[in-house]
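Undergrad: Coordinates only, no sequence provided:
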């Protein structure tokens, strides 16, 4: 079930700039009770990305209506929204009047092992680096080839997620998640000023933690410091929080601050939009 | 006129991984006398890129036959080949058995001002940086959003091309060309170990210059050193060589080594394949 510019379709024009150049953005959104969760935050990120890319933004009411259309008679699942700059232009140079193309698809809810939440996951260290580019850092653009290559590095049966560093050995993110550590009761997450995606769940967790009086630092996070963490966890809009139980042969336990965040997410996520 | 997997089509499946993740490669090839110029070099780059990305490579005979099919009754033009990893997989993680999708299109030959060759061009300095990623450096992947943003920075009527630097202020390339400077009779071009695309014409020029006894250095090229060049020129498979006559208010003339390279390209390009 896919809507392309509001019509049920399973193909797009071959001259779409999303295909040609990765010239677009996407969002992956949890559907619960037939409604997109954290819609306003997802839409604001799309809006911000469109502004930086100079793509005409789509009206929030149109996008939401099309998402809800795909969610009819479905309680739970995932909506993926792709916005591309559409067709046209001369080579890399876009047409200023290009019409944003919107591609919205519904996907079944993925079933992950319950253990991922209750006892934590094994985290792989990827050798594929994350690109550094201060102008694109934080955005969820269609240029995700390095995440594809990173996921090809390990066997899914062995590790549930992989950690990606930049060329300077700074910790950036998981291949499809953001990463937090706890050290001496301080919650630390990479600032993502030069690379990485600023996840929606990452933002919610930062806000929740600050509201709960937990000290939060968004800053550079060196790999050596990462390894010495008291607690490590990953997050995204679908998995919520997965504690890390093992990384590079070292064992970690799910500590108090991680448990606190997980409990708040269970109890209060509905208060955030 | 577009062939998708050998069939005339103007659309692709919406689940193509080239659209979703930039999970593919492309080539832009000059057609002269109805034949692709430097075919073997273009194909080898595709082959190398497929190897690094883990994409099943397409047989050279099939690709060449489809290019020639589109070139029938056309003397001059451009062929663009896109290879994507096709459809399938779970999120970023590809299906190991995915079928490479090939998208081949013919485009009219672009007419650039004759002055670009005879007197040179004005070069703009882009503020959009080129991403650094040692694993993808050199490849012509579909992830080209930074080139799109860079080209949006300037007005086409003012500048014919833009120069891109990395986050460390090292000169990398033009938005759609490679860059050479001459200093004290040495030809210097960025090594492209951390970022940039290793252009086919760049490779031909390095080979030609070395055969002609010109000293060539492929190495880091600092922006300060770039400005102090005796000669600057840009190249790609379509424009061949454009001398730079002005950069950031400083004037440059088309010097002996640039003229030598341009003459060799006119006389001997047919010897290269």
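TA: Good, I have the coordinates. Note that the coordinates shown come from a computational prediction; the quantities given were computed from them, not determined experimentally.
Undergrad: For the residue positioned nearest the centre of chain A, list the residues it contacts.
TA: The geometric centre of chain A, computed from its C-alpha atoms, lies nearest to residue A:199 (CA atoms, centre = their mean), at 4.3 Å. Remark: with contacts taken as CB atoms under 8 Å, 6 or more residues apart in numbering or on different chains, residue A:199 is in contact with A:173, A:177, A:178, A:235, A:236, A:237. Where you see a C-beta, it was placed from the backbone N, CA and C, and this is true even at glycine.
Undergrad: ok, residue A:264 touching residue A:212?
TA: Yes - in terms of CB atoms under 8 Å, residue A:264 counts as a neighbour of residue A:212; the distance is 6.6 Å.
Undergrad: the more surrounded of these two?
TA: Summary of the neighbour comparison: residue A:264 and residue A:212, criterion other CB atoms under 10 Å in any protein chain shown, with residue A:264 having more neighbours (19 against 14).
Undergrad: still on that earlier bit, can you tell me which of the contacts of residue A:199 has the most neighbours?
TA: With neighbours defined as other CB under 10 Å, the most crowded of these is residue A:173; it has 27 neighbours.
Undergrad: Next SSE downstream of whichever strand or helix holds that one?
TA: Using DSSP states H and E, residue A:173 maps to strand A:171-174. Per DSSP H and E, strand A:171-174 leads on to strand A:178-183 as the next helix or strand towards the C-terminus.
Undergrad: With pLDDT and distance to chain B added, can I get the contacts of residue A:199 in JSON lines?
TA: Output for those, formatted as JSON lines (pLDDT from 0 to 100; distance: CB to the nearest CB, whole Å):
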{"residue": "A:173", "pLDDT": "98", "distance to chain B": "12"}
{"residue": "A:177", "pLDDT": "98", "distance to chain B": "11"}
{"residue": "A:178", "pLDDT": "98", "distance to chain B": "15"}
{"residue": "A:235", "pLDDT": "98", "distance to chain B": "16"}
{"residue": "A:236", "pLDDT": "97", "distance to chain B": "11"}
{"residue": "A:237", "pLDDT": "96", "distance to chain B": "13"}
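Undergrad: quick one: which of those is nearest to residue B:183?
TA: Minimum separation from residue B:183 among the contacts of residue A:199 (CB to CB) is found for residue A:173, which lies at 40.8 Å.
Undergrad: State the distance from that closest one to residue B:140.
TA: When distances are taken as CB to CB, to the nearest Å, residue A:173 and residue B:140 turn out to be 26 Å apart.
Undergrad: again with residue A:53
TA: 21 Å.
Undergrad: Specify the beta-bridge partners of residue A:163.
TA: In this structure, residue A:163 has the following beta-bridge partners (DSSP bridges): residue A:125, residue A:174.
Undergrad: That one and residue A:121 touch, don't they?
TA: No - in this structure residue A:163 lies outside contact range of residue A:121 using CB under 8 Å: 11.2 Å.
Undergrad: What is the burial count for the closest residue to residue A:9 other than its chain neighbours?
TA: With sequence-adjacent residues excluded and distances taken as CB to CB, 6 or more residues apart in numbering or on different chains, residue A:9 is closest to residue A:2, at 6.3 Å. Taking other CB under 10 Å as the neighbour definition, residue A:2 ends up with a count of 19.
Undergrad: per-residue confidence at residue A:2?
TA: On pLDDT, residue A:2 comes in at 96.
Undergrad: pretty sure it is touching residue B:14, no?
TA: Yes - taking contact to mean CB under 8 Å, the distance of 5.5 Å between residue A:2 and residue B:14 places them in contact.
Undergrad: what do those two both touch?
TA: Among the neighbours of residue A:2, those also in contact with residue B:14 (CB under 8 Å, 6+ apart) are A:9, A:10, A:103, A:105.
Undergrad: ranking the residues you listed by neighbours, who comes first?
TA: residue A:103 (23 neighbours).
Undergrad: what's the spacing between that residue and chain B?
TA: Residue A:103 sits at a distance of 6 Å from chain B (criterion: CB to the nearest CB, to the nearest Å).
Undergrad: just to confirm, which helix or strand has the closest residue to that residue other than its chain neighbours in it?
TA: In space, residue A:103 comes closest to residue A:82 once its chain neighbours are excluded; the distance is 4.1 Å by CB to CB, 6+ apart. In the assignment (DSSP H and E), residue A:82 maps to strand A:77-84.
Undergrad: which element follows that strand toward the C-terminus?
TA: Next in line after strand A:77-84, if elements are assigned by DSSP H and E, sits strand A:101-107.
Undergrad: residues of that next one that come out buried?
TA: Of all the residues in strand A:101-107, those buried under the rule 16 or more other CB atoms under 10 Å in any protein chain shown are A:101, A:102, A:103, A:104, A:105, A:106.
Undergrad: Format those as TSV; extra columns: distance to residue B:28 and pLDDT.
TA: Compiled in TSV, the buried residues of strand A:101-107 are given as follows (distance: CB to CB, whole Å; pLDDT from 0 to 100):
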residue	distance to residue B:28	pLDDT
A:101	23	98
A:102	28	98
A:103	26	98
A:104	32	98
A:105	31	97
A:106	36	97
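Undergrad: between these, which is nearest chain B?
TA: For chain B, the closest of the buried residues of strand A:101-107 turns out to be residue A:103, at 5.9 Å, with distances computed as CB to the nearest CB.
Undergrad: List the contacts of that closest one.
TA: For residue A:103, the contacting residues are A:2, A:3, A:4, A:12, A:81, A:82, A:83, A:84, B:14, B:19, taking CB under 8 Å, 6+ apart as the criterion.
Undergrad: same deal with residue A:47?
TA: Residue A:47 makes contact with A:57, A:60 under the criterion CB under 8 Å, 6+ apart.
Undergrad: if I look at it, how far off is residue A:101?
TA: Separation of residue A:47 from residue A:101 (CB to CB): 16 Å.
Undergrad: What ranges does the stretch 1-150 of chain A have for its strands?
TA: Under the criterion DSSP state E, counting those that start in this stretch, the stretch 1-150 of chain A carries strands at the ranges A:2-4, A:7-8, A:11-13, A:24-32, A:35-36, A:77-84, A:101-107, A:121-125.
Undergrad: ok, back up a step: other SSEs contacting the strand holding residue A:173?
TA: Packed against strand A:171-174, as judged by 3 or more CB pairs under 8 Å, 6 or more residues apart in numbering or on different chains; DSSP states H and E, are the following elements: strand A:161-165, strand A:186-190.
Undergrad: In a markdown table, list these along with mean neighbour count and mean pLDDT.
TA: Formatted as a markdown table, the entries for the helices and strands packed on strand A:171-174 read as follows, by neighbours: other CB atoms under 10 Å in any protein chain shown; pLDDT from 0 to 100:
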| stretch | mean neighbour count | mean pLDDT |
| --- | --- | --- |
| strand A:161-165 | 23 | 98 |
| strand A:186-190 | 22 | 98 |
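Undergrad: if we can go back for a sec, and for the residue nearest to residue A:103, the neighbour number?
TA: Based on other CB under 10 Å, the number of other residues close to residue A:82 is 22.
Undergrad: again, but for residue A:58
TA: A count of neighbours around residue A:58, defined by other CB under 10 Å, yields 20.
Undergrad: Tell me who's in contact with it.
TA: Contacts were defined as CB under 8 Å, 6+ apart; by that measure residue A:58 touches A:46, A:83, A:100, A:102.
Undergrad: that older thread, okay, residue A:53 and residue B:140: which has more neighbours?
TA: Neighbours per residue (other CB under 10 Å) separate residue A:53 from residue B:140, with residue A:53 holding more: 23 against 19.
Undergrad: what sits against the more buried one?
TA: A:23, A:24, A:25, A:85, A:139, A:141, B:145, B:148, B:149.
Undergrad: Please apply the same query to residue A:84.
TA: A:16, A:17, A:18, A:19, A:23, A:24, A:55, A:100, A:101, A:103, A:142, B:19.
Undergrad: Not counting sequence-adjacent ones, nearest residue to the second one?
TA: Computed as CB to CB, 6+ apart, the closest residue to residue A:17 that is not its neighbour in sequence is residue A:23, at 3.9 Å.
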